[in-house]
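Participant: take a look and give me a structure for this.
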Amino acid sequence: MDKTGQEGERIAKVLARAGIASRREAERLIEAGRVTVNGRRIASPALNVGPADRIAVDGAAVAAPDRPRLWLYHKPAGLVTTARDEKGRETVFDKLPEDMPRVMPVGRLDLNSEGLLLLTNDGAIKRRLELPSTGWLRKYRVRVKGTPEDTTLAPLRTGLVIAGETFRPMEVTLDRQQGANAWLTVGLREGRNREIRRTMEAVGLVVNRLIRISYGPFQLGDLKPGEVEELRGRVLRDQLGLAAPEGEATAKPKPTRRKLRNRPAEAPEPRPARKPPRGTGPGPASPPRGARRGKAPPG
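Facilitator: Have a look, this model is predicted:
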C-alpha cells in the first residue's frame with residue numbers, strides 16, 4: 001500500500017475496474033468507512049494499491065478485476081434500474097441470469113421505460129459511456145397521446161428551458177399517427193432524468209410508451225424483453241478504442257498473391273483425335289443451327 005501515489009493504482013479506480021461501483025461512487029464508499037485495505041479501514045480515496053493488497057468492501061473480499069465486458073439487456077417495463085429499491089419493487093438485477101457476474105448499469109431507464117440497457121463490469125467503461133462530453137446519441141421510439149404537428153415538435157428541436165433547467169436540442173421525427181396516438185423517433189445526447197417525458201409534457205404531449213432502441217453504436221435489434229447478450233471483446237474494443245488484453249494474439253493479415261505481368265499465355269495442350277468405330281466412315285454433315293428438320297437452310 002503506497003500513499004505517495006508513485007506506484008500502483010488509486011483505490012477508487014481499482015474498485016471501479018472490479019465492477020464494485022463507479023469511481024465517484026467508490027469514493028463515497030470509502031468516505032463512509034465501508035472499504036478496508038489489508039484489514040485496515042480507510043477514510044480517504046487518496047491511496048494507491050497494488051496487486052498484493054487485500055481489498056474488501058463491507059467485509060467481502062474484492063476479486064481481481066476481470067477483463068472489460070459489456071452486455072446488451074432488453075429491460076422490460078416495470079423494473080427499477082437500481083441494485084436495491086427502498087419501496088421493495090423488482091429491479092433489473094432480480095431478473096438477470098444467475099451466472100451473470102457483478103455488473104453496473106450504464107445510465108438508467110425509469111420504471112415505465114423499456115428497451116436497451118447497457119450493463120458492464122468495468123466502472124471506467126460505465127463512466128466513459130455516460131459522460132455527456134462523449135456525445136453518444138441515444139435513440140428512442142416514443143408513443144404519445146395526441147396528434148402532434150411539425151410546429152408542435154419544433155421547440156424540442158431548438159431546445160427548452162423548464163423550471164430553470166436547460167435541455168439541449170433533440171432529434172425528433174414524426175413516424176406515423178395511429179388513432180389517438182402518434183409514434184415518434186427521438187434522439188438525444190444527455191439522457192437526464194425523465195428528459196423525454198418532461199420535455200414532451202412541456203409541448204402538450206403525454207408519453208404512454210418509451211422504448212430505447214440504441215445507445216451510440218449499440219443496437220437493441222431483435223433482443224426480446226428480458227434477454228441478455230454479451231458483446232464480443234473485439235467489438236467492444238473496436239467501438240471504445242480499448243487496447244487488446246496482454247498476450248492476446250492479433251490476427252495476421254492474409255497474404256496477397258502477386259500478379260505476374262507480361263507473362264505469355266500458354267497454349268492449351270491439344271486433345272487427341274477420337275478414332276471412328278471400325279467399318280464406319282465420316283457421316284453426313286450436321287444441319288446448321290436454327291435449321292428445321294426436312295428443310296434446306298436458307299442461302
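Participant: for the stretch 51-200 of the chain, what spans make up the helices?
Facilitator: Ranges of helices in the stretch 51-200 of the chain, per DSSP state H, counting those that start in this stretch, are 92-95, 123-130, 150-158, 195-202.
Participant: report the contact partners of the residue nearest to the spatial centre of the chain.
Facilitator: Closest residue to the average C-alpha location of the chain: Phe218 at 2.8 Å, with C-alpha atoms, centre = their mean. Under the criterion of C-beta atoms under 8 Å, 6 or more residues apart in numbering, the neighbours of Phe218 are 70, 72, 116, 118, 231, 239. Backbone N, C-alpha and C define where each C-beta goes, glycine included.
Participant: just flag the most distant two among the residues you listed.
Facilitator: Greatest spacing in the contacts of Phe218, by C-beta to C-beta: Leu116 and Gln239 (14.3 Å).
Participant: in terms of neighbours, single out the busier of the two.
Facilitator: Neighbour count, other C-beta atoms under 10 Å: between Leu116 and Gln239, Leu116 has more, with 23 against 14.
Participant: and the longest strand for the protein?
Facilitator: strand 206-215 (DSSP state E).
Participant: got the angle for it vs helix 195-202?
Facilitator: Angle, strand 206-215 to helix 195-202, by axes from the mean of the first three to the mean of the last three C-alpha atoms, to 10 degrees: 150 degrees.
Participant: how about residues contacting strand 206-215?
Facilitator: Contacts of strand 206-215 (C-beta under 8 Å, 6+ apart): 106-107, 109, 112-118, 129, 136-146, 181, 196-197, 200-201, 219-220.
Participant: please flag which of these sit within strands.
Facilitator: Going by DSSP E, the strands hold 106, 114-118, 138-145, 181, 219 from those.
Participant: select from those the one having the most neighbours.
Facilitator: Val144 (27 neighbours).
Participant: for that one, give me the pLDDT.
Facilitator: At Val144, the model reports a pLDDT of 97.
Participant: next, the contact list for it, please.
Facilitator: Contacts of Val144 by C-beta under 8 Å, 6+ apart are 181-182, 184, 200, 205-208.
Participant: repeat that with 10 Å
Facilitator: 152-153, 174, 180-184, 186, 196-197, 200-201, 203-210 (C-beta atoms under 10 Å, 6 or more residues apart in numbering).
Participant: beta-bridge partners for it, please?
Facilitator: Ala182, Val207 (DSSP bridges).
Participant: next one: it from Leu174, what distance?
Facilitator: 10 Å (C-beta to C-beta, to the nearest Å).
Participant: was I right about Ser44 contacting Glu27?
Facilitator: Yes: Ser44 lies in contact with Glu27 (C-beta atoms under 10 Å); the separation is 9.1 Å.
Participant: which of these two has more neighbours?
Facilitator: Glu27 (20 against 10).
Participant: which residue packs closest to that one, ignoring adjacent ones?
Facilitator: Pro45 (4.5 Å; C-beta to C-beta, 6 or more residues apart in numbering).
Participant: got a list of what that neighbour touches?
Facilitator: Contacts of Pro45 by C-beta under 10 Å, 6+ apart are 10-13, 15, 23-24, 26-31, 35.
Participant: nearest to Arg84, of the residues you listed?
Facilitator: For those, the nearest to Arg84 is Leu29 (14.3 Å; C-beta to C-beta).
Participant: can I take it that that closest one is in a strand?
Facilitator: No: the assignment for Leu29, made by DSSP: H, G, I helix; E, B strand; the rest coil, is helix rather than a strand.
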